[in-house]
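Novice: here is my input; please provide its structure:
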Amino acid sequence: MRSPMDRLDTMDALSSVLRTKLALRLRNGFDIAFVQSLLESVNQILTRKTVGFTSESRKVSLLAAKAGEMVLSLSAFVDTALAGFRLSDLKEVALSASENIVLNLRRKQLKEQPVLLYTNDSQITAVRLADDYPPGSVRAVLVLRGLGSLLDNDAVFLHSDLLIVSFLPQAGAANLSSHFEVTMNHRQ
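Specialist: From the prediction side, this is the model:
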């Protein structure tokens, strides 16, 4: 990517790939490596600070809109990856493109109260998931850090990290509903 227009074109292409319905199985290293490489590509495009527009507000807003579209496409891809994870026999897969993007796929075990903790420089975030979904259900937690500088503008106000949580019931089970609570504790 040598220009801001190249960055926008790359964002469009990668968003299209992320929205594509794929038949992932996440049983072998190839599918897991594919998911990892897509996360790394998203990280490179979203966090590339040297390729951006000057201070023209319409162009900067366009870049922020494309970044928001990419985040929505990434959340759709998380659902695809979670469906592939449900077909595997793995208990957990943790993927990290960098300190900015972390994806955790986990199968609920018997008598387990899942809690996810993650930290950044200024805060500790805990996600407590209610224990009202059956064992064998799977969940994905995607953490996107450091996007505030890209998405914080006149149209989108983002001053913190994004956390996307997705659930799927065990194959063949009825729909499930779950509740979760996010608490942020600022470090002193």
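
Novice: which strands or helices does the longest helix seen in the chain pack on?
Specialist: Counting residues, the longest helix in the chain under DSSP state H turns out to be helix 57-86. When contacts are defined as 3 or more C-beta pairs under 8 Å, 6 or more residues apart in numbering; DSSP states H and E, helix 57-86 sits against helix 4-19, helix 29-47, strand 101-107, strand 138-144, helix 148-151, strand 162-168. The C-beta positions use only the backbone N, C-alpha and C, and glycine is treated the same way.

Novice: also compute the angle for it relative to helix 4-19, please.
Specialist: Orientation check (axes from the mean of the first three to the mean of the last three C-alpha atoms, to 10 degrees): helix 57-86 against helix 4-19 gives 30 degrees.

Novice: mind listing what's buried in helix 57-86?
Specialist: If you call a residue buried by 16 or more other C-beta atoms under 10 Å, then helix 57-86 has these buried ones: 60, 63-68, 70-71, 73-75, 77-78, 80-86.

Novice: now the following helix or strand past that helix: buried residues?
Specialist: Next in sequence after helix 57-86, counting helices and strands by DSSP states H and E, comes strand 92-96. By 16+ other C-beta under 10 Å, the buried positions in strand 92-96 come out as 93, 95.

Novice: test my guess that residue 162 contacts residue 141.
Specialist: No: contact between residue 162 and residue 141 fails when scored by C-beta atoms under 8 Å: they sit 11.1 Å apart.

Novice: of all the helices and strands packed on helix 57-86, which one is nearest residue 92?
Specialist: Closest approach to residue 92 among those (C-beta to C-beta): strand 101-107, 4.7 Å.

Novice: can I get that closest one as PDB, trimmed to CA atoms?
Specialist: The C-alpha atoms that make up strand 101-107 are tabulated as PDB, following Å, rounded to 0.1, in the frame of the first residue of the first chain:
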ATOM      1  CA  ILE A 101      -6.500  -8.000  17.600                       C
ATOM      2  CA  VAL A 102      -7.100 -11.100  19.800                       C
ATOM      3  CA  LEU A 103      -9.600 -13.900  18.900                       C
ATOM      4  CA  ASN A 104     -10.500 -16.600  21.500                       C
ATOM      5  CA  LEU A 105     -12.700 -19.500  20.500                       C
ATOM      6  CA  ARG A 106     -13.800 -21.800  23.400                       C
ATOM      7  CA  ARG A 107     -16.100 -24.700  24.000                       C
END
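
Novice: ok, of the helices and strands packed on helix 57-86, where does mean pLDDT dip lowest?
Specialist: With a mean of 58, helix 148-151 has the lowest mean pLDDT of the helices and strands packed on helix 57-86.

Novice: one step back: can I get the helices and strands packed on helix 57-86 in a markdown table including mean neighbour count and distance to residue 91?
Specialist: A markdown table is the format used below for these (neighbours: other C-beta atoms under 10 Å; distance: least, C-beta to C-beta, whole Å):
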| stretch | mean neighbour count | distance to residue 91 |
| --- | --- | --- |
| helix 4-19 | 16 | 25 |
| helix 29-47 | 17 | 14 |
| strand 101-107 | 21 | 5 |
| strand 138-144 | 22 | 10 |
| helix 148-151 | 16 | 33 |
| strand 162-168 | 17 | 15 |
